[in-house]
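Enquirer: how would this look folded up:
(3 chains)
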Amino acid sequence: MQSKYDRVVLLVDMDCFFCQVEEKQQPEYRNRPLAVVQYNPWRGGGIIAVNYAARAKGVTRHMRGDEAKDLCPDIVPNIREKADTSKYRDAGKEVANVLQRFTQLLERASVDEAYLDITETVNLRMQQMQSGAFALKPQELVNTFAVGYPNIGDYVNKITNRFANPYVDDERFQMSYDQNDLPAVRQSDIRLLIGASVRLAVKEETGYDCSAGIAHNKILAKLAAGMNKPNKQTILPLAETAALFDSLPVGKIKGLGGKFGEVVCETLGIKWSVTWLFNISRGIDLEAVTPRFYSKSIGCCKKFPGRNNITGLKTLQHWLGELSSEINDRLEKDFIENNRKAKHMVVQYVQDIDGEEVASSRSTALKDYDQESIVKYALDLIKANTKTFLRSGSDSVLNNAIKFLGISVGKFETVSNAQNKLQEMFANQAAKKRRVSVEEAVQPPKVQVPTKPKQTEESKMKNFFANYLQGAKKEDTKSEVNPEEHLTAAPTKAGPKKSFVEEYKQKLHAATKTESAAEGTAPTSTPPELKESFFSQYLKQQKETRRHESEAADMLNLAEELDAIEASNTKDFDADTDEETDLTKNTYKSVANGTPSTSKNSKEKPSFKDLPEKQTTPSSATTVKELSESNNENMEHSDRLRLPPLTEEELLPSTSKRKFDELDSSDKNYKQSYAEFAVPELRTDLLPMVKCDQCGASIPDDVRSLQTHRDHHFAQELSQQLRSNEREERMQSRQKVSPKPTPPKKVKKTAGSGTVANTTVRSTNSITKFFSTKPTQEPPSSDSQMQQCTECKAYVKNEDMPEHLDYHVARNLQRELNQQDLRTRTAALGKEKTSPVQPKKQKQGQLNSTIAASSNGNKTIAQFFSQRN
DNA sequence: GATTTTACCGTCT
DNA sequence: AAGACGGTA
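Expert: Numbers count the residues shown, from 1 in each chain, chains lettered A, B, ... in the order given. Now for the predicted structure:
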């Protein structure tokens, strides 16, 4: 992998999966509002899934079964006495099996969700496109959206234009991305689009609808997938991420949806979060897709709320038996399928001790797969760890009622010979048909001291963000990277070794030279390093062969056909009431403006050939047409369009099952294709490694990986330094203006205490607000709590000023890192370095020219970029 | 006394 | 190293 932007990551998320499974198994439920409900003891049971017909009637997940029935008499609750999710697990596996054909790098995130790193598949497709062996089919892009584009046709069209003019956006690219990433950036859009061909396979082969997100990393893929659903997919183009993050609520980011997200918001002053979010907003998230097909543990649990508390020994045994039975079944099945055995089991339980809920868990080795021993183990563990197990004077009443029970097993080990072990297991099974002995000696009690260790918010944050920054597979780097060092590397001083900053400067210097050398050259000239890019190759080749001409024509065809399809589809999908997607509606206007269309029955899908050449449809078709004719490049394409398209035969293999099988044919061993046994195909893992001279981490020994890694250090140093410097200065200047003392410390929210301090609510806290806290443009009438930001003139609450300033720092940092106006500034900045730059008053929009100078003699940011020391 | 269950991960000990 | 426990989705 050359660049972080070469990766293509897909998140596939099954729509109301449990409902779909029920609908598939029981056809009478199809096309009717349906909810899946588990347990029935109270108010009709708890709803665990609601299909879209039922959602349209207002049924939500928070309701009880009865409530749902009231709202929607048509509802067909699926009630069972004991939650049985195995059928959903099986169905999830069926889906994952389809997905796995696209890549070995499949990470099952849950029963109905999986990440796919399809980089290699995309690489192949890119080649196939050049040789004409692959073309996207229009129906693969039905219900596909691209963030920032009104419809997918426009996105395709844009890509088409770039075929003709590969460097059309290069000026912008060079401002926004690292030099080393430019080749990847140029191909980014087409690569993501190719990822769109995966989703259809799920529907065709399993019958299930799913939604998908396509982006360059996991975080963004997950985010994108939530933007259009159900039965839709969303591409998040690299260039759109920054704008998207401007209005994105922090809590929408995976991992920040809970308490931790709130902490992050409150503790925003901390540099890691800023750096991290900053990176994410540039499309950078290095967390690897970790191949995992099967879960590492198998567990089941049950709550016993209120009067369902388990108070008697017999009841306890009963439920332990139920849980054990399920565990056992699943273990046996897992053994047959996966040739592995769990060696460890954990029992978890919550007791009512003097009105307090006390949670405990104890574990033991698991020797046999049979229900009775599992029950025995579990019971023994509970006894051994409960101070007084039975109420004194009774032999059947528990001293502490149990409110929750769970058993889980794990630590799987592969078994040498499946056949032998299977027989052995059945033999054991037959031999053990005795009852559980309840009369085991109670072990010396252990006192349960529910200590509440205080982990600092800082350390939590550090580690959270370190995960995303480290990138490579965790197992590989965990032991080698000390997040502490990694993230808090002190501002670099030129050490004995050539520091990375030195190298960085040299690199930039070289880049500057190259660019200035190229200055004045016609923008159409090809920079040397780009000679071998896909697009330039394409352009070369298309002059030689007709087949290649048809490629661009295909893309254009695609755009037009999509318009035709979308126009012919009825707009029957109205405003999405799905709570998972409501963020989408407000936040991503441009996407919502798209023309969602229902998926067509596959028989009704228009074939590539059958579509009329020109279909005049109201809005979107016109758009494409206008765009097509609005410039000369596209007239060229229009000519090409008249060439005969590829034959059906030429088109078919590329996306047919057969073709995908061929992709996998190199590794036909089914067992080996299981992710648990598969070697991850990350090239970086196989490369020789070098040590980072800053943090000691092992980095793949290729220029770009090294650079990427060092970029992180660099950004972090800059972030840290700048933020403290600039903040210090602002605070000083502020104190001159206002005699107010330091802003009041934010009160931390205490659970249940009722007072919710003055902190902003996370869910409505956009990334932008995250940086800048609601600047007011009008001067506050008489509010001494407000003051004017010297940077942007906005009026900001005193206590929000530090964070507001962080925003400016982040923006400045961004511009610096993006190397904006690097060339023009180099000379001027050379002069400034001798005298610290004073913060200048500036108009809004000119933020980029003020970079804080250090108060302690350190270099300014700008100086990092200047030619010499 | 009711948002259930399941699984993974990180931290502390 | 392994166990306990909480957080997140």
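
Enquirer: rest of the way, CA atoms for contacts and neighbours
Expert: Will do.

Enquirer: for the stretch 201-350 of chain A, what spans make up the helices?
Expert: In the stretch 201-350 of chain A, the segments counted as helices under DSSP state H, counting those that start in this stretch are A:218-225, A:241-246, A:259-266, A:271-281, A:313-338.

Enquirer: which of those helices has the lowest mean pLDDT?
Expert: Averaging pLDDT over each of the helices of the stretch 201-350 of chain A singles out helix A:271-281 as the lowest, with a mean of 70.

Enquirer: what does chain A put close to DNA strand C?
Expert: Within chain A, the positions adjacent to DNA strand C are A:251, A:253-261, A:346, A:358-365, A:448-450 by CA under 7 Å from any atom of the strand.

Enquirer: which secondary structure elements does the helix or strand hosting residue A:11 contact?
Expert: In the assignment (DSSP states H and E), residue A:11 maps to strand A:9-14. Under the contact criterion of 3 or more CA pairs under 8 Å, 6 or more residues apart in numbering; DSSP states H and E, strand A:9-14 touches strand A:113-117, strand A:210-215, helix A:218-225.

Enquirer: and these, which is most packed in?
Expert: strand A:210-215 (a mean of 30; mean count of other CA atoms under 10 Å).

Enquirer: avg pLDDT for stretch A:416-432?
Expert: Stretch A:416-432 shows an average pLDDT of 53 in the prediction.

Enquirer: near DNA strand B, which residues of chain A show up?
Expert: Close to DNA strand B, as judged by CA under 7 Å from any atom of the strand, chain A has residues A:38, A:41-42, A:46, A:48, A:61-62, A:83-85, A:109-110, A:294-303, A:305-308, A:408, A:453-456, A:459-460, A:463-464, A:467.

Enquirer: please, a PyMOL command that selects the buried ones among those?
Expert: Entered in PyMOL, the line below selects the buried ones among the residues of chain A next to DNA strand B, by 16 or more other CA atoms under 10 Å:
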select buried, chain A and resi 38+46+48+61+109+294+298+299+300+301+302+408+463+464+467
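
Enquirer: is residue A:557 in a helix, a strand, or coil?
Expert: Secondary structure state of residue A:557, per DSSP: H, G, I helix; E, B strand; the rest coil, is helix.

Enquirer: correction: the previous question concerned residue A:37.
Expert: strand.

Enquirer: chain neighbours aside, what residue packs nearest to it?
Expert: Spatially, and ignoring its direct neighbours in sequence, residue A:37 is nearest to residue A:47 (4.3 Å; CA to CA, 6 or more residues apart in numbering).

Enquirer: quick one: contacts for the one you found?
Expert: A:35-38, A:61-65 (CA atoms under 8 Å, 6 or more residues apart in numbering).

Enquirer: can you confirm it is in a strand?
Expert: Yes: using three-state DSSP, the assignment for residue A:47 is a strand.

Enquirer: now it: how far from DNA strand C?
Expert: For residue A:47, the distance to DNA strand C equals 15 Å [CA to the nearest atom of the strand, to the nearest Å].

Enquirer: tell me the pLDDT of that residue.
Expert: At residue A:47 the predicted local distance difference test score is 87.

Enquirer: cool, thanks, signing off.
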